[in-house]
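Peer 1: What would the 3D arrangement of this be:
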Amino acid sequence: MCKISVIIPAYNAGNTIENTLKSLIYQTITDFEAIIVNDGSTDNTVEKIQNVLKDVNFQWKLISQINQGVSAARNRGLIEAKGDYVCFLDADDYYAETFFEKMYNKAKENDADIVFCNYSDVNEKGRKLSIFKKQNEYITNSLTGEEALYLILSKKIWVHLGAVLYKRSLLIENHIFFINGSRLGEDTELNIKAFFHAKLVNSLCETLMFYVKRNRSATNREHDLSVFHSQASLRRSLAYLERTNPKNLKLINLVKEEILRKNLHDLFHLYRSSKIDNEMMEKILQNKVIKSNLNKLKKNELTTSEKFGLFLIKYCPLKLRTIIKYFSNLFYKIYKYKAYK
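Peer 2: The predicted structure is shown next:
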């Protein structure tokens, strides 16, 4: 038994995982275990892990399996974990050296089920792109999980999977795992379920986790129909809440609203993607469910970028899409840049 189990799924991470593992070596406490799940890598991931961790003073385990996806890899690590608390770290992100110490101490203050901290987006060289830290964003007092979940779904606090410490028993006893095969939104789905069941939630305002945004990341790559996995994750979350506590309409309605916004975001990504031709885009936009979701959106509640995307999708002819894509991509980059400043 140890204080914390950190679970790291790794697929062809030979070029990135060294920095991730070194952030574990530099931790100010050593009473933790690292479980790295090699998900069918075909590069030098295994060799890099073994070389970096050969003389460390904490427990670690390397598990190799055939490629099954990030959700299956995380689930395998969760099943193997022995720590009182667990956390999930991707094989290109990293922790501040006091992450384990401060997060665990905060959790033990009043036996919290979940603790989360601030995090920073950084580029591949470690330069900060943005820090999600706004007024009233982090809870100053302990809350129930449902109270915290309401703030998350209302966009009043931000929670990143890699910046959360979960009591292991909370996940195991409530059968909360990642959905195998889910490629997007699996982290949101797990958090909705975990926070829903948590009795007590705490947070730290300090930036203790760093999320590396690479050129191949979801915000930079060309999208395909897999973007709809994120909507599927939200729909499963909605069904879970309706089945588990149908009287909590406040949370249920917030998830319904999030599904509508996610529908718009996914369509905007597809509209900008060269992987989706006009014929496919037309079929997508004619889908009855998608059309219904677009019509349910309340314009006064949308951001500037969301209103822009909605206008493009609903009113601009697809024959002009090539030209519009150029300007929409330019707008998207400028808007994101301003958001980072």
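Peer 1: where does the stretch 51-200 of the chain have low pLDDT?
Peer 2: Along the stretch 51-200 of the chain, the parts satisfying pLDDT under 70 run over 130-138.
Peer 1: mind listing what's buried in whichever helix in the chain runs longest?
Peer 2: If you go by DSSP state H, the chain has its longest helix at helix 249-272. If you call a residue buried by 16 or more other C-beta atoms under 10 Å, then helix 249-272 has these buried ones: 251-252, 254-272. The way it works is simple: take the backbone N, C-alpha and C, and place the C-beta from them, glycine included.
Peer 1: Now do the helices in the chain.
Peer 2: Under the criterion DSSP H, the chain contains helices at 17-25, 45-52, 70-80, 99-109, 145-153, 168-173, 186-197, 228-244, 249-272, 278-285, 288-296, 304-315, 321-340.
Peer 1: okay, the angle between the fourth one and helix 17-25?
Peer 2: Translated: helix 99-109. 50 degrees (axes from the mean of the first three to the mean of the last three C-alpha atoms, to 10 degrees).
Peer 1: Give the other helices and strands that helix 99-109 contacts.
Peer 2: Packing partners of helix 99-109 (3 or more C-beta pairs under 8 Å, 6 or more residues apart in numbering; DSSP states H and E): strand 2-10, strand 83-88, strand 114-122, strand 164-167, strand 201-212.
Peer 1: could the ones you listed be laid out in TSV, adding mean neighbour count?
Peer 2: What follows is these, written out as TSV (neighbours: other C-beta atoms under 10 Å):
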stretch	mean neighbour count
strand 2-10	24
strand 83-88	24
strand 114-122	23
strand 164-167	26
strand 201-212	21
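Peer 1: need those strands in JSON lines with distance to P317, can you?
Peer 2: Shown next, in JSON lines, are the helices and strands packed on helix 99-109 (distance: least, C-beta to C-beta, whole Å):
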{"stretch": "strand 2-10", "distance to P317": "43"}
{"stretch": "strand 83-88", "distance to P317": "44"}
{"stretch": "strand 114-122", "distance to P317": "36"}
{"stretch": "strand 164-167", "distance to P317": "44"}
{"stretch": "strand 201-212", "distance to P317": "38"}
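Peer 1: Ok, which of these comes nearest F311?
Peer 2: Comparison of those against F311 by C-beta to C-beta identifies strand 114-122 as nearest, at 27.9 Å.
Peer 1: could you give the angle of the closest one to helix 99-109?
Peer 2: Using the same axes, to 10 degrees: strand 114-122 against helix 99-109 is 150 degrees.
Peer 1: roughly how far out does strand 114-122 sit from the chain middle?
Peer 2: In terms of C-alpha atoms, centre = their mean, to the nearest Å, the gap separating the centre of strand 114-122 from the centre of its chain is 11 Å.
Peer 1: Stretch 244-262 too?
Peer 2: 19 Å.
Peer 1: contact partners of it?
Peer 2: 146, 149-150, 153-154, 185, 192, 196, 230-231, 234-235, 237-238, 241-242, 293, 296-297, 302, 306 (C-beta atoms under 8 Å, 6 or more residues apart in numbering).
Peer 1: Among these, name the buried ones.
Peer 2: The neighbour-count test (16+ other C-beta under 10 Å) marks 146, 149-150, 153, 185, 192, 196, 230-231, 234-235, 237-238, 241-242, 293, 297, 302, 306 as buried among the contacts of stretch 244-262.
Peer 1: so what's Y104 up against?
Peer 2: Counting by C-beta under 8 Å, 6+ apart, Y104 touches K3, I4, I29, Y85, L165.
Peer 1: would you list the residues you listed in TSV and tack on distance to K325?
Peer 2: Below are the contacts of Y104 laid out as TSV (distance: C-beta to C-beta, whole Å):
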residue	distance to K325
K3	50
I4	45
I29	50
Y85	45
L165	42
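Peer 1: Enumerate every residue touching Q65.
Peer 2: Neighbouring residues of Q65 by C-beta under 8 Å, 6+ apart: V37, N38, D39, G40, A72, A73, R76.
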